[in-house]
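S.K.: Structure, please.
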Amino acid sequence: MLRRVWGLIRILWKKGLIPDSWKRAEGCFTPKEKESRTVKQFRTISLLSVECKIFFAVMAKKLTTYLTGNNYVDTSSQKGAIPGFSGCIEHTSVLSQIMREAKTEEGDLSVVWLDLANAYGNIPD
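M.R.: So this is what the prediction gives:
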């Protein structure tokens, strides 16, 4: 099976083609809470074919390796989805330090807070 999938991926990569079936996803509602009854209590996920997921995982890894290896990504500011960089932890630490310094020195500081715990929990009305 692995050889067949890998052969398919190599052919598609060389031809620069993506099958139409890989461009479609099956939408599925998953409950956020027990006893979910209204639309606001569900989140949508998209289900893709296994072949599609493997292909795009390989493509993402190749692209990330190329971009980082050729210094097209500034890892001092862009850390999300870059292997080896725990961006959320570092950025949170920097933000905490800046807030402590502003408080200690009684300086002005504007902060935008991101809800990382529930980043995808809202469905627009």
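
S.K.: Who are the contact partners of the residue most central in space within the chain?
M.R.: Centroid check for the chain by CA atoms, centre = their mean gives residue 81 as the closest residue, at 6.2 Å. Each residue near residue 81 by CB atoms under 8 Å, 6 or more residues apart in numbering is listed here: residue 64. All C-beta atoms are positioned from the backbone trio N, CA, C, and that covers glycine.

S.K.: Against residue 68, how distant is it?
M.R.: Per CB to CB, to the nearest Å, residue 81 is found 11 Å from residue 68.

S.K.: wait, isn't residue 33 in contact with residue 40?
M.R.: No: judged on CB atoms under 8 Å, residue 33 makes no contact with residue 40 at a distance of 10.0 Å.

S.K.: Show me which of the two is the more surrounded one.
M.R.: Neighbours were counted for residue 33 and for residue 40 using other CB atoms under 10 Å; residue 40 has more, 12 against 8.

S.K.: That one belongs to a strand, doesn't it?
M.R.: No: read with DSSP: H, G, I helix; E, B strand; the rest coil, residue 40 is helix and lies in no strand.
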